[in-house]
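> what would the 3D arrangement of this be:
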Amino acid sequence: MPFILGANSLTGGYTVDNSLRFDEASTTFLSKASFGTPTSTTKSTVSFWCKRSLVEEGIIFMNDSATFPIAKIYFDSSHRFSYVEFNPTIYVQKTTSALFRDLSAWSHFVVAVDTTQGSADNRIKIYHNGTQVTSFAQSTVPAQDSNVIINNNLRTGIGGTGVAGGDGFEGYIAELVRIDGQALAPTDFGEFDEDSGIWKPIDVSGLTFGDNGFYLETKDSGALGADTSGNGNNFTVNNLTAVDQSTDTPTNNFATFNPLFTPNPSNVSTFSEGNLKVVTNSTSQNSDGLSTLGVSSGKYYGEFKLIAQATGESVCGVLNNIENVTTEGLNGTGGFSVASNGDSFNNGSSQGANNFSASYTNNDIIGIALDLDNNRVYFSKNGSYTDGSGNFDESSPTGYFSLTSGQTYFMGVGDKSTSQSSTWEANFGSPSFAISSGNTDPNGYGNFEYAVPSGYYALNTKNLAEYG
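Coordinates of the predicted model:
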């Protein structure tokens, strides 16, 4: 199953503070109508980090005119990474044999082009997480000393074509750099962590970017397209707002919903907003959105906003034993959850509206305080916790479910009944919806609507490395 059950620890160093969350349904992208004369017509490098949200075709970078020429870096519909350049007389393509379908982790890609190389195989190099890709499903290389399109004075799009249309990227992009005039190595952008061996970012601000180069840090929520290379090659923001500036980054990976998990392949939910929004499937069986990160120790907090309630019962809670999950989902065996009609479920057993929950409805936020040091889970409604009487009237956790020890738990949402559909948005600490107050965990991570209980932490890899 495609879940992270633990955490990898990085030994400090350079920290990426922000990424940009792209949502195809909202037609989000960055665009720039034109550039100047390139420093080089034969050498270029594009480097970026990304975390995909959906396994579908999506454009990371595109240089084009209204028709030709076109240079494009993208994931194709077969889950492969691809770089293409074409105009009416020249066609160049490098498409990997490897498939990229992990929606829970960050990846780094470098495309380095140098057509002055005598060896055809050296004219386009692709690197993934610090290692050169050598196996390609398709490989058509440019002629020696030919002009490259990727640096040209053309319309440029990030996360899409640069104009309203399809093939937008669904997911997160961070540290996107274009170097005009050099074909650089991955070690100019990252390094292997000395303890864990994980490929991680390094500071790239000292690189020579070239005239048409740029560096998108997305560090200013009011200017998400700002170029911080010093060149002033700023991009126009299209349908992106401050809430799309995310703290989910290559140096601190936050949980999201995992669209690769479903209780039944014929009952697949619809995910969007960087896998923080889910519309559960309303066909024949229950469906759930579960977190990418599962935990077996430590204390963690998350918030879940009900956008559209199911006709029957929407549910929110935690689930273990997902390898053997039945179609009952969060209200079945291994599930501990509260339902929108006031019902609650303890390991598959209905408790009625008399234990830990009160009813909730659209725009209410259900908080989960998951304590795996003591095997308990607490629930809150709009910041107030259950006290065991059926009411949400406590300022701190008191009433709880006792969890099965020795299990790995995932936070999630779903429906109790068959043929129902709910819409939820998750906040694991980097929300896709606006927060009116703003609260962090004790380590300073997260942006939550309500106060994080003392000793509880956002569900991200830095916290898992310390407490998980």
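
> need phi/psi at Lys462.
Note on Lys462: backbone dihedrals following degrees, to the nearest 10 are phi -70, psi -40.

> does it touch Asp441 like I think?
No: here Lys462 does not reach Asp441: they are 10.3 Å apart, not a contact under Cβ atoms under 8 Å. For every residue, glycine as well, the C-beta is placed using N, CA and C.

> who's more crowded, these two?
Asp441 (22 against 19; other Cβ atoms under 10 Å).

> the more buried one is in contact with Asn463, isn't it?
Yes: contact status for Asp441 versus Asn463: in contact at 7.2 Å, counting by Cβ under 8 Å.

> which residues do these two both contact?
Tyr457 (Cβ atoms under 8 Å, 6 or more residues apart in numbering).

> okay, Thr161 and Gly210: tell me how far apart.
Counting by Cβ to Cβ, to the nearest Å, the separation of Thr161 from Gly210 is 23 Å.

> my error: substitute Leu293 in the last question.
Leu293 sits 39 Å away from Gly210, going by Cβ to Cβ.

> same for the lowest-mean-pLDDT helix or strand in the chain, what does it pack against?
The least trusted helix or strand in the chain, going by mean pLDDT, DSSP states H and E, turns out to be strand 392-394, with a mean of 73. Applying 3 or more Cβ pairs under 8 Å, 6 or more residues apart in numbering; DSSP states H and E, one finds that strand 392-394 makes contact with strand 384-386.

> tell me the strands beside the strand it packs on, with direction?
strand 376-381 (antiparallel), strand 392-394 (antiparallel) (DSSP bridges).

> comparing Leu293 and Gly210, which shows the higher neighbour count?
Shown here are Leu293 and Gly210; by other Cβ under 10 Å, Leu293 has more neighbours (27 against 21).

> contacting residues for the closest residue in space to that one that isn't next to it in sequence?
In space, and not counting its chain neighbours, Leu293 is closest to Ala255: 4.0 Å by Cβ to Cβ, 6 or more residues apart in numbering. Contact analysis of Ala255 by Cβ under 8 Å, 6+ apart lists Ser291, Thr292, Leu293, Gly302, Met411, Ala426, Phe428, Leu459, Asn460.

> if we use 6 Å, what do you get?
Ser291, Thr292, Leu293, Phe428, Leu459 (Cβ atoms under 6 Å, 6 or more residues apart in numbering).

> mind putting those into CSV with pLDDT, distance to Pro69 and secondary structure?
CSV is the format used below for the contacts of Ala255 (pLDDT from 0 to 100; distance: Cβ to Cβ, whole Å; DSSP: H, G, I helix; E, B strand; the rest coil):
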residue, pLDDT, distance to Pro69, secondary structure
Ser291, 94, 43, strand
Thr292, 94, 39, coil
Leu293, 95, 42, strand
Phe428, 98, 42, coil
Leu459, 98, 44, coil
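
> if you rank those residues by neighbours, which is first?
Neighbour max across the contacts of Ala255 (other Cβ under 10 Å) = Leu459, 31 neighbours.

> that one against Leu293, yeah?
Yes: Leu459 lies in contact with Leu293 (Cβ atoms under 6 Å); the separation is 5.3 Å.

> show me what the residue nearest to Ile70 when sequence neighbours are not counted is bridged to.
Leaving aside its sequence neighbours, Ile70 sits nearest to Asp64 (Cβ to Cβ, 6+ apart; 4.2 Å). Counting by DSSP bridges, Asp64 is bridged to Ile70, Arg155.

> now Asp64: how far from Lys51?
25 Å.

> looking at these two, which one has more neighbours?
Lys51 (26 against 21).

> that one in helix, strand or coil?
Secondary structure state of Lys51, per DSSP: H, G, I helix; E, B strand; the rest coil, is strand.

> OK, contacts around it?
Applying Cβ under 6 Å, 6+ apart, the residues contacting Lys51 are Trp106, Gly171, Tyr172.

> name the member of these with the most neighbours.
Tyr172 (28 neighbours).

> which helices and strands sit right next to the host helix or strand of that residue?
Using DSSP states H and E, Tyr172 falls within strand 171-180. Applying 3 or more Cβ pairs under 6 Å, 6 or more residues apart in numbering; DSSP states H and E, one finds that strand 171-180 makes contact with strand 19-22, strand 43-52, strand 214-216.

> deepest in the core, which of those strands is it.
strand 19-22 (a mean of 28; mean count of other Cβ atoms under 10 Å).

> which strands or helices does the helix or strand just after it pack on?
Counting by DSSP H and E, the next helix or strand C-terminal to strand 19-22 is strand 29-32. For strand 29-32, the packing partners by 3+ Cβ pairs under 6 Å, 6+ apart come out as strand 155-158, strand 236-238.

> closest to Pro250 out of these?
Of all those, strand 155-158 sits nearest to Pro250, with 16.8 Å by Cβ to Cβ.

> contact partners of that closest one?
Phe29, Leu30, Ser31, Lys32, Ala33, Met62, Asn63, Asp64, Gly162.

> gap between the second one and Leu240?
Between Leu30 and Leu240 the computed distance is 7 Å (Cβ to Cβ).

> same deal with the third one?
Plainly put, Ser31 is 11 Å away from Leu240 if you go by Cβ to Cβ.

> more crowded one of these two?
Leu240 (23 against 20).

> the more buried one and Leu224 touch, don't they?
Yes: the pair Leu240 / Leu224 is scored as a contact, 5.5 Å apart, by Cβ under 6 Å.

> returning to that earlier point: so which of the contacts of strand 155-158 is the closest to Gln117?
For the contacts of strand 155-158, the nearest to Gln117 is Asn63 (21.0 Å; Cβ to Cβ).

> now that closest one, nearest residue through space, not along the chain?
Nearest non-adjacent residue to Asn63 (Cβ to Cβ, 6+ apart): Ala71, at 4.2 Å.

> the one you found: what's it in contact with?
Ala71 touches Asn63, Glu85, Ile149, Ile150, counting by Cβ under 6 Å, 6+ apart.

> re earlier: now render the strands paired with strand 384-386 as a markdown table, adding distance to Ala434 and mean neighbour count.
Converted to a markdown table, the strands paired with strand 384-386 look like this (distance: least, Cβ to Cβ, whole Å; neighbours: other Cβ atoms under 10 Å):
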| stretch | distance to Ala434 | mean neighbour count |
| --- | --- | --- |
| strand 376-381 | 19 | 22 |
| strand 392-394 | 23 | 18 |
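
> looking at these, which is closest to Ser229?
Between those, strand 376-381 lies closest to Ser229; by Cβ to Cβ that is 44.5 Å.

> where exactly do the strands run in the stretch 1-150 of the chain?
Secondary structure of the stretch 1-150 of the chain by DSSP state E, counting those that start in this stretch: the strands cover 19-22, 29-32, 43-52, 58-64, 70-75, 80-86, 91-99, 107-114, 124-128, 131-132, 136-140.
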